[in-house]
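**Student:** sharing a sequence plus its predicted fold:
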Amino acid sequence: MKNKNISRRKFINLSGSGMLAGVGAVSGAGVLLPQFGCSPKSKITAGEVVDRIKKEVAIPWREVTVDTIKGAGTLDIVVTGITTSFMATLDVLKKSVKAGNNFILAHEPTFWTNLDLGEGLEDDPLYAYKQEYIKENGLFVHRFHDHWHARRPDGINEGWMKVMGWDTYKYDEANKIYELPEEITLLDYAKDVKRRLRSDSVRVVGDPKLIVKTVGRGSNKVLRGGAPIADVVIHYEPDRENNNVEWERDIVASGQKKGFIIVSHNRREEDGMDNCARWLRTFISEVPVDFIPSGDPFWRTT
């Protein structure tokens, strides 16, 4: 009888459903292997995954947190595969279903508000549609924001450092700036940022010909207290463009030799969830763990 190879994911799905119960496996040498079907090691529940995450993140789990279950999932769901992503967008949910993953670990809100409680969305048709999609496909969606940031090192920043190459740069801890390997114009550095972040929505304030040697990481908050020390600061999702960006433009107009690169929130943090997938694989072996990017939400006309 000709042996048929099945993928690890398919085997996990079959064993989790009990379809392999009582069936012996035959190795290439014709040796009967132990039966896997009913072994508790061949499957894991959503609750067990969450418990391992709480243990391995190595910080006290907060009583008040946004890191909770989203949608209709329950902790007793048998996990067939795990997706990590910046956000559980409908596209990510659909790709997860196609991949055979029913556990989605998302960094940002599933339902478009920070608390993610569906506040004010009771009669919203899109809210109802997304809830129903989660329910019909037996998905378990859990947010992982507060504790992934609180971990040491911060799991999101760890991913950012790697994709930006900053983990190899000389770091001035007193001034919290990184020294680039060589001088580069602001325009060329912005192009490098665009390439590294796989983004079509990078925006820049400052002279394109400005020579930069040092770079700092900003946030989405309004900068204050004079010009930054770094030649160029990268920040994301300005809370108010007429505050953040116009302040930056006036800094440049005042004669300060500074540059600012603005990226989307998604591009700033998504690689941190790729980092999360790598982290999960160090202590979850029962099921596949996939990073599925939600991708840059913006595109350009040219």
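**Tutor:** Noted; the coordinates are in hand. Numbers count the residues shown, from 1 in each chain.
**Student:** which residues of the chain fall in helices?
**Tutor:** Assigned by DSSP state H, the chain shows helices spanning 8-17, 46-56, 90-99, 125-136, 146-150, 155-164, 186-197, 244-253, 265-280.
**Student:** out of those helices, which one sits most buried?
**Tutor:** Mean neighbour count (mean count of other C-beta atoms under 10 Å) peaks for helix 265-280 among these, with a mean of 22. Heads up, the C-betas are built off the backbone N, CA and C, glycines and all.
**Student:** who's in contact with the spatially closest residue to residue 139 that is not a sequence neighbour?
**Tutor:** Using C-beta to C-beta, 6 or more residues apart in numbering and skipping residues adjacent in sequence, the residue nearest residue 139 is residue 102, 5.4 Å away. By C-beta atoms under 8 Å, 6 or more residues apart in numbering, the residues touching residue 102 are 77, 79-81, 96, 137-140.
**Student:** who touches the top strand by length along the chain?
**Tutor:** For the chain, the strand that runs over the most residues, judged by DSSP state E, is strand 177-185. Residues from elsewhere that reach strand 177-185 (C-beta under 8 Å, 6+ apart): 166, 169-172, 189, 192, 208-216, 229-230.
**Student:** try it again with 6 Å
**Tutor:** Residues from elsewhere that reach strand 177-185 (C-beta atoms under 6 Å, 6 or more residues apart in numbering): 166, 169-171, 209, 211, 213-216, 229-230.
**Student:** ok, stretch 167-174 next?
**Tutor:** With contacts defined as C-beta under 6 Å, 6+ apart, stretch 167-174 is touched by 161, 178-179.
**Student:** report the two of the contacts of strand 177-185 separated the most.
**Tutor:** 171 and 209 (26.5 Å; C-beta to C-beta).
**Student:** okay, those two: which has more neighbours?
**Tutor:** Between residue 171 and residue 209, counted using other C-beta atoms under 10 Å, residue 171 has the larger neighbour count: 13 against 9.
**Student:** low-confidence ranges, the chain, go.
**Tutor:** For the chain, the stretches with pLDDT under 70 are 1-41, 222-225.
**Student:** domains for this protein, by residue range?
**Tutor:** Per automatic domain parsing, the domain ranges recorded for the chain read 8-41, 46-152+270-291, 155-263.
**Student:** burial of residue 242, as a residue count?
**Tutor:** Using other C-beta under 10 Å, residue 242 has 8 neighbouring residues.
**Student:** how far away is it from residue 248?
**Tutor:** According to C-beta to C-beta, to the nearest Å, residue 242 stands 11 Å off from residue 248.
**Student:** and if you look at residue 173?
**Tutor:** Noted for residue 173: a distance of 25 Å to residue 248, by C-beta to C-beta.
**Student:** residue contacts, residue 216?
**Tutor:** The contact partners of residue 216, taken as C-beta under 6 Å, 6+ apart, are 177, 228, 230, 233.
**Student:** next one: residue 113
**Tutor:** Counting by C-beta under 6 Å, 6+ apart, residue 113 touches residue 119.
**Student:** and it, how close does it get to residue 156?
**Tutor:** Going from residue 113 to residue 156 by C-beta to C-beta gives 20 Å.
**Student:** ok so, going back, closest to residue 120 out of the contacts of residue 102?
**Tutor:** Set against residue 120, the nearest of these by C-beta to C-beta is residue 139 (23.3 Å).
**Student:** so what's the residue count around that closest one?
**Tutor:** 23.
**Student:** state the number of residues packed around the nearest residue to residue 262 once chain neighbours are set aside.
**Tutor:** Leaving aside its sequence neighbours, residue 262 sits nearest to residue 203 (C-beta to C-beta, 6+ apart; 4.5 Å). Counted with other C-beta under 10 Å, the neighbours of residue 203 add up to 13.
**Student:** if we can go back for a sec, from the contacts of residue 102, keep the buried residues only.
**Tutor:** Burial by neighbour count, judged by 16 or more other C-beta atoms under 10 Å, picks out 77, 79-81, 96, 139-140 from the contacts of residue 102.
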